[in-house]
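> Fold the following.
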Amino acid sequence: MVLVIVVAVLALLAGLAANRYLRPRLITADDDEGMAVKDLVAPLLTLTVLLLAFVLVTASGSYGKGEVAARGESRALDQLVEAAEYAPAEQRAHIQADAVCYARAVRQQEWRTMADGKSSPAPSVWSTDIRRAFSELQGKPVFGMLTAADNKRSDEREERLTQATASVPGAIFWFLLATLTVTVMALGTCLPRKNNRGQLITLAVITALLTTTLCIIRDVDRPFDGVISVEPTAMAETERQADRDFLANDSAAELPCDADGNRRRAKA
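Residues are numbered from 1 along each chain as shown. Just a heads-up that it's a prediction; the model follows:
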């Protein structure tokens, strides 16, 4: 960091020195001739566009990974429910009921906390309870199927939570905002003062496009928050199917959790 700053400052000083001492020997033009402000705006605009495009690609990648992880977690949970059909009745009901409660906890509680880049302890209650049922199945063929599906679910959840955190650091976002501001101000400075309706409209369009790009970056950088967000659609479908499978084996059975995935209190 320090090296970059030092080199940049030395380059600036060298450029100013060259302008003062070498320019008279290399260029025969008058001292008041040279690049105008408008000639310097074009590279600035190009830099701004390139920076926005690069960061947009990075943020979009985070959004895509978050969506893939959310779907992968739902599929793994669905596989867990299906594999539980091969377990004895007691463990099957235990696992399928906990799977429904896990899906509810993710959809109703953890999805909201991910908007702030955080996780919720509620799903872990049920994933831990699921693994307790596994201990009673060690040595049976279904044990490997269940543990493989649960490990996949755990990995996908970890990836989902990782992508919930902003991938673009705040310092970079504020730098982009400052670059956008300087670029728009420089463009405005170079506009003619009269008969400039077309130029003003063009400047307004450019400003709107650059601002929209920055807003999109800010939005997709948090895949589970904002206007463009990943919805828990896949998890809701897995919850519905798991609940159906659970009730298919015992229609009078009661889930150990409420609609938000919180454990029910034991009745007195």
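> C-alpha from now on. contacts and neighbour counts both.
Fine.
> Tell me which residues touch residue 188, please.
Neighbouring residues of residue 188 by Cα atoms under 8 Å, 6 or more residues apart in numbering: residue 203.
> Of all the residues in the one helix or strand it maps to, which ones are buried?
Residue 188 is part of helix 170-189 when elements are defined by DSSP states H and E. By neighbour count on 16 or more other Cα atoms under 10 Å, the buried set for helix 170-189 is 173, 176, 177, 179, 180, 182, 183, 184, 186, 187, 188.
> Stretch 217-234 too?
217-225, 229-230, 232, 234.
> next structured bit after the worst-scoring helix or strand of the chain on mean pLDDT?
Comparing every helix and strand of the chain by mean pLDDT, DSSP states H and E singles out helix 23-26 as the least confident one, with a mean of 58. Sequence-wise, the next helix or strand downstream of helix 23-26 (DSSP H and E) is helix 37-83.
> who does that next one touch, helix- and strand-wise?
With contacts defined as 3 or more Cα pairs under 8 Å, 6 or more residues apart in numbering; DSSP states H and E, helix 37-83 has these neighbours: helix 89-105, helix 141-164, helix 170-189, helix 197-220, helix 233-249.
> by how many degrees do that helix and helix 170-189 diverge?
Relative orientation of helix 37-83 and helix 170-189, computed by axes from the mean of the first three to the mean of the last three Cα atoms, to 10 degrees: 140 degrees.
> which sections of the stretch 151-268 of the chain are below the confidence cut-off?
266-268 (pLDDT under 70).
> Reformat the buried residues of helix 170-189 as a markdown table; add distance to residue 245.
Listed next are the buried residues of helix 170-189 as a markdown table, based on distance: Cα to Cα, whole Å:
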| residue | distance to residue 245 |
| --- | --- |
| 173 | 47 |
| 176 | 51 |
| 177 | 51 |
| 179 | 55 |
| 180 | 54 |
| 182 | 59 |
| 183 | 59 |
| 184 | 59 |
| 186 | 64 |
| 187 | 63 |
| 188 | 64 |
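> For the closest residue in space to residue 243 that isn't next to it in sequence, give me its contacts.
Closest residue to residue 243 apart from its sequence neighbours, by Cα to Cα, 6 or more residues apart in numbering: residue 100 at 5.9 Å. Neighbouring residues of residue 100 by Cα under 8 Å, 6+ apart: 239, 240, 242, 243.
> picking that back up, indicate which one of the helices and strands packed on helix 37-83 is closest to residue 42.
helix 170-189 (8.8 Å; Cα to Cα).
> ok, back up a step: okay, the helices and strands packed on helix 37-83 in a markdown table with distance to residue 53 next?
A markdown table is the format used below for the helices and strands packed on helix 37-83 (distance: least, Cα to Cα, whole Å):
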| stretch | distance to residue 53 |
| --- | --- |
| helix 89-105 | 36 |
| helix 141-164 | 20 |
| helix 170-189 | 11 |
| helix 197-220 | 8 |
| helix 233-249 | 30 |
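> Out of those, which gets nearest to residue 258?
helix 89-105 (7.9 Å).
> Measure how far the following helix or strand past the closest one is from the centre of its chain, please.
As assigned by DSSP H and E, the chain's next helix or strand after helix 89-105 is helix 111-113. Centroid separation between helix 111-113 and its chain, computed with Cα atoms, centre = their mean, to the nearest Å, is 13 Å.
> List only buried entries from the contacts of residue 100.
239, 242, 243.
> Name all residues that make contact with the first one.
Read it as residue 239. 99, 100, 103, 104.
> Over to the second one?
If you count contacts by Cα under 8 Å, 6+ apart, residue 242 has them with 78, 81, 96, 97, 99, 100.
> Helix, strand, or coil at residue 120?
coil (DSSP: H, G, I helix; E, B strand; the rest coil).
> Renumber starting at 577 from here on
That works, and once the first residue is 577, the last one we named lands at residue 696.
> what's near enough to touch it?
Here residue 696 is in contact with 685, 686, 689 (Cα under 8 Å, 6+ apart).
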